[in-house]
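Asks: Using only what follows, build the 3D model:
(one chain, ligands or ions: 2)
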Amino acid sequence: MDRKTLIRINQAKEKARPELCKEGIDSGWRKFGFYESFCTSTEGIVENIPRVDGNQITIKKFIEKFESTYTPCKLARKYRNQKFKCGEDDDGYSVKIKMKYFARYMTDNKDDSPLYIFDSSFSDHVKRKRLLDDFEVPRMFPDDYFSLVGESRRPPYRWFVMGPGRSGTGIHIDPLGTSAWNSLLKGHKRWCLFPPETPKELLKPSQGEAWKQKGEAITWFTYVYPKVSQPGWPEKYKMIECVQRPGDTMFVPGGWWHVVLNLDDTVAVTQNYCSRVNFPVVWKKTVKGRPKLSRKWYKAMQLRRPDLIKVADSVDMNKNDGYTSSSSSSSSSSSSSSSLDSDSDSVWSDDDQPPAAKKQRKCPPDCEECGNRNDKGELRNNGESAITSKSNPYDRSSNSCSPANSR
Ligand SMILES: O=C(O)CCC(=O)C(=O)O
Ligand SMILES: [Fe+2]
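Replies: Numbering: from 1, shown residues only. Ligands and ions are numbered 1, 2, ... in the order given. A predicted model of the protein is given here:
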């Protein structure tokens, strides 16, 4: 703890519990050594309280059964019986699980890289949609130009994210040059970020090191982190590292590599967006990778944002695209745009699509072509991905490696 914090804390302690401070500030406050001896883990606690589904029980029934009888109860959290996406099966279908099972798994699992809820379809559902009432887009991110194409046509863009310690998101770049914000409500996330020009080969675990867990964040921290944090690591690819705490919002600029490990149980919300700043890059990547979507977007801009049309028309499609808004910028993008050179619009819509359409967008789960895939069905192509299935953030990428549109 730094000196100033220590002084302030001690002042508060002196005022709040003077009797403890009399013995000397540390000895009084640490007499029993509970820091060492008392276990605060929830594991192993046997609960014997009635649990009630707070969404189902009527007020009348609650008063009758619990309040008027002075009976303690635990109103189960919302969404207990709601299903959330925690992965994808080999055919590309969402794997969903009820919140009550996942919540138990969160507190009671010993998996290396546990299941992770990463769900972008919650807002399509009448009950799960209520999650939208619980957060607001931070005021720094007012622009969202993909909204012009309409909610049902736009690529997936916001996710409810929840997972236990050791779960996380392997190293990747967010799709189509979009930037993102990620707000943490509970728990701690460990982040490492690298500039866009960092070569992918330096950031991915080598074959064999991690076998089936190649794309997992925990594998990255085990095998790659020691390399990137060595003194010889190039200054130009310098890692940015931090711990995100409850209430913190991370800003992830377009093109930046990032890897995220949950250090304990976390709940977060994240959104990808296209703003005035990243529009030239996002537009270019969309034209190249998602031509059909780009045509719809263009029409919508003609109608409602002629100012953006001007910018779109001035984007040089042949120039190496940097991630800054300045046209004179010389910073180079990742080398992945070729992976997006296909029109895969037909397959990015959503869970309700006919199986044939869903199948189209699949490549094998451990597709060597595209790189890798994490529990969230994340398929990456050169680390960068196209926004694809509505149900999956990084299905944001899966089209780019299906045979129909292989590079
Ligand atoms: O919270 C996480 O696991 C990271 C999410 C992320 O990188 C993303 O949504 O693009
Ligand atoms: Fe990301």
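
Asks: make it CA atoms for all contacts and neighbour counts henceforth
Replies: Noted.

Asks: Do me a favour and average the pLDDT over stretch 72-81.
Replies: Model confidence over stretch 72-81, given as mean pLDDT, is 82.

Asks: Need the residues that contact stretch 264-275.
Replies: For stretch 264-275, the external contacting residues (Cα atoms under 8 Å, 6 or more residues apart in numbering) are 106-107, 141, 143-146, 157-166, 178-189, 282.

Asks: buried subset of these?
Replies: Buried members of the contacts of stretch 264-275, scored by 16 or more other Cα atoms under 10 Å, are 106-107, 141, 145-146, 157-166, 178-189, 282.

Asks: before we move on, back to that, in helices only, show me the contacts of stretch 264-275.
Replies: 106, 107, 282 (DSSP state H).

Asks: now, among the residues you listed, which is nearest to residue 3?
Replies: residue 107 (35.9 Å; Cα to Cα).

Asks: which element is residue 61 on?
Replies: With elements delineated by DSSP states H and E, residue 61 resides in helix 59-62, which encompasses its position.

Asks: which intervals of the stretch 301-407 of the chain have sub-threshold pLDDT?
Replies: Counting by pLDDT under 70, the stretch 301-407 of the chain has low-confidence residues at 321-407.

Asks: likewise the chain?
Replies: Regions of the chain meeting the criterion pLDDT under 70 cover residues 77, 208-213, 321-407.

Asks: who in it is up against ligand 1?
Replies: The chain comes close to ligand 1 at residues 168, 169, 174, 260, 270, as judged by Cα under 6 Å from any ligand atom.

Asks: tell me the phi and psi of the first one?
Replies: When you say that, I think you mean residue 168. Main-chain torsions, residue 168, degrees, to the nearest 10: phi 170, psi -170.

Asks: Contact partners for the closest residue to it other than its chain neighbours?
Replies: In space, not counting the residues next to it along the chain, residue 168 is nearest to residue 261; the distance is 4.4 Å by Cα to Cα, 6 or more residues apart in numbering. By Cα under 8 Å, 6+ apart, residue 261 lies in contact with 165, 166, 167, 168, 169, 189, 190, 191, 217, 218.

Asks: helix/strand/coil for residue 261?
Replies: strand (DSSP: H, G, I helix; E, B strand; the rest coil).

Asks: and what of the one 10 residues further on?
Replies: At residue 271, secondary structure determined by three-state DSSP is strand.

Asks: Share the number of residues neighbouring it, please.
Replies: When counting by other Cα atoms under 10 Å, one arrives at 20 neighbours for residue 271.

Asks: Would you mind stating the distance between the nearest residue to it once chain neighbours are set aside and residue 225?
Replies: Excluding the flanking residues, the one nearest residue 271 by Cα to Cα, 6+ apart is residue 158, at 4.3 Å. Here the criterion is Cα to Cα, to the nearest Å. By it, residue 158 lies 28 Å from residue 225.
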